[in-house]
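In: Provided below are the primary sequence and the corresponding predicted coordinates.
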Amino acid sequence: VRIVEGEFKGEGVKIGIVVARFNDLLTDELLSGALDCFERHGVEEVDVVKVPGSFEIPLVAKKLAESGKYDAVLTLGAVVRGETKHFDLVANEVAKGVASVSLQSGVPVIFGVITVEDELQGFNRAGVKSNKGFEYAMAALEMANLMRKLK
Ligand SMILES: O=c1[nH]c(NC[C@H](O)[C@H](O)[C@H](O)CO)c([N+](=O)[O-])c(=O)[nH]1
């Protein structure tokens, strides 16, 4: 049996990050967790692009993926269920958009948009208890390594 999986090697890996500024109290934490992860795994080339909100993530993720410059694209956002219906609309569209960008471009695009009921739930995922940004960055690193093996 031959099992193929990606390591977590950082050298030579180029990462593009798209982060939403909406709910930046949370997304700034996700970003610092992701940057900490890449730093500690020896990733030297990381570009960060900021967009207004999560809804704008797929378009910019597409630009980065299609540029051919990156081994993986990490998207980071926080969709908080306010009183608005916006929550479901934004969350669903972003998930669909990110998935199709990855399939269309052939570049791993990691869905790092947390969808939470309220800020407290968000803080439990963005640094207080665990940092989803670090975890999603690990997925980006693993996929970057895996795709090199599958070439
Ligand atoms: O990133 C988010 N954007 C949100 N809306 C903004 C949206 O992403 C777009 O920036 C906006 O609709 C302009 O296109 C959110 N809510 O409205 O709830 C949210 O919780 N998170």
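Out: Perfect, I can see it now.

In: what sits against the residue in the chain positioned nearest to the ligand?
Out: Scanning the chain for proximity to the ligand using Cβ to the nearest ligand atom identifies Gly53 as nearest, at 2.2 Å. For every residue, glycine as well, the C-beta is placed using N, CA and C. Shown here is Gly53, whose contacts under the criterion Cβ atoms under 8 Å, 6 or more residues apart in numbering are 20-22, 77, 90.

In: are any of the residues you listed buried, and which?
Out: By the neighbour-count criterion of 16 or more other Cβ atoms under 10 Å, the contacts of Gly53 include these buried positions: 20, 22, 77, 90.

In: so which of these belong to helices?
Out: In this view, the buried ones among the contacts of Gly53 that belong to helices under DSSP state H are Val90.

In: got the buried residues for the worst-scoring helix or strand of the chain on mean pLDDT?
Out: Across the helices and strands of the chain, mean pLDDT, DSSP states H and E gives its lowest value to helix 119-125, namely a mean of 90. Going by neighbour count (16+ other Cβ under 10 Å), the buried part of helix 119-125 is 121-123, 125.

In: in JSON lines: these, plus distance to Glu39.
Out: Written out in JSON lines, the entries for the buried residues of helix 119-125 read as follows (distance: Cβ to Cβ, whole Å):
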{"residue": "Gln121", "distance to Glu39": "27"}
{"residue": "Gly122", "distance to Glu39": "23"}
{"residue": "Phe123", "distance to Glu39": "22"}
{"residue": "Arg125", "distance to Glu39": "20"}
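
In: now flag whichever of those residues is closest to Gly42.
Out: Minimum separation from Gly42 among the buried residues of helix 119-125 (Cβ to Cβ) is found for Arg125, which lies at 25.6 Å.

In: in space, what's closest to the closest one - neighbours in sequence excluded?
Out: Here the nearest residue to Arg125 in space, its sequence neighbours aside, is Lys132; by Cβ to Cβ, 6 or more residues apart in numbering that works out to 4.6 Å.
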